[in-house]
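J.: Output the structure for:
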Amino acid sequence: MNKAYLGVDIGSISTKGVIIDEKNNILASIYLWTKGNPLKAVKEVLKELKQKLPKKYKIVGVGTTGSARKLVETILGANIIKNEITAHAIGTLSKYPDIRTIIEIGGQDSKIILLKDKVVVDYAMNTLCAAGTGAFLSSQAERLDIPVEEFGNIALTSNNPTPIAARCTVFAESDLVHKAQMGHKKEDIVAGLCKSVALNYLNNVGKGKKIISPIIFQGGVSKNIGVVKAFENILNEKIITDENGHLMGALGVAILSKKQPEINFSFDIVEKDFETTSINCSGCPNNCEVICVKKENKLLDSWGNRCEKGNHLLKENSPT
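T.: Numbers count the residues shown, from 1 in each chain. Below is the predicted model of the structure:
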């Protein structure tokens, strides 16, 4: 059996999974919507990856990243868990060792990672507002009755992008309606939206950051050629994109799992019943919300308890 390594990047909007070999080649990958149910999303990812993975490979390492990384780590019995910054940096450097700036815009958040000599030297994240993210573009596409997949090509036909206030989704939608009522062409409005995404990112996430080339653009929004061109025009730099740019976090954490002790992973885990519950502990003024993960009614792990006073609650909620 050849050794393989699984990486799972699970966020609020999408869940990504990759399986790599010992040379970091991607053997199988999947991208799907989380739909507010990370447990179900992880099981769907595993089912798809199992079908795609050649029979001659055995998974001996599992890594998790993303907003639900702790939950997924517990479910999969992963041998490593890492934050998104580290995972994206490692995944990107494995393919682009000279990269200096990573621009990442996902479904509901965005980040910038600055590197020097293959080391992260600075970063910033925006998770408080969806303006300028994939969710923002999708909502505007629906308002304009245009498939979001066509946004990029439509934007490229415009010679006069419409200025759109994108610092807030509410302002953007109001401004978009106003500009449409004024008679602005649809392609100009679309191009204006793409430009506003780039400007919003640079003025917020990238504020005060020294963006140095080579620059790579990742995340779901990087598939939009209109936004890519907007970044190139504003920065006056070539922007690199990759067909697997949306998988870099999963790729990075899969690579990191190779450095850990090997585990015995089985896809049979998709047949198990998992449950997540929360317990409010009033044992002290912290009033912690303790998250519990159970497999077939047996407590696997818990977190969120900032002192030992909540331990009795865990015992009460774990069958003997």
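J.: Could you give the average pLDDT over stretch 192-200?
T.: Stretch 192-200 carries an average pLDDT of 86.
J.: Please state the offset of that stretch from the chain centre?
T.: 20 Å (C-alpha atoms, centre = their mean, to the nearest Å).
J.: buried residues in it?
T.: 192-200 (16 or more other C-beta atoms under 10 Å). Just so you know, the C-beta spots here come from the backbone N, C-alpha and C atoms, and that holds for glycine as well.
J.: could these be laid out in a markdown table, adding secondary structure?
T.: Shown next, in a markdown table, are these (DSSP: H, G, I helix; E, B strand; the rest coil):
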| residue | secondary structure |
| --- | --- |
| G192 | helix |
| L193 | helix |
| C194 | helix |
| K195 | helix |
| S196 | helix |
| V197 | helix |
| A198 | helix |
| L199 | helix |
| N200 | helix |
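J.: Measure how buried I291 is and give me the count.
T.: If you count neighbours by other C-beta atoms under 10 Å, I291 ends up with 17.
J.: Shouldn't it be within a strand?
T.: Yes. The assignment for I291 by three-state DSSP puts it in a strand.
J.: mind checking how far it is from Q218?
T.: Computed as C-beta to C-beta, to the nearest Å, the I291 to Q218 distance reads 29 Å.
J.: ok, now N37?
T.: Using C-beta to C-beta, we find N37 at a distance of 25 Å from Q218.
J.: Check C307 too.
T.: From C307 over to Q218 the distance is 39 Å, taken as C-beta to C-beta.
J.: G66 contacts D9, correct?
T.: Yes. Using C-beta atoms under 8 Å, G66 is in contact with D9, at 4.6 Å.
J.: any shared contact partners between these two?
T.: Common contact partners of G66 and D9 (C-beta atoms under 8 Å, 6 or more residues apart in numbering): 15, 84, 249.
J.: Can you pull the phi/psi pair for the first one?
T.: Meaning T15. phi -120, psi 130 (degrees, to the nearest 10).
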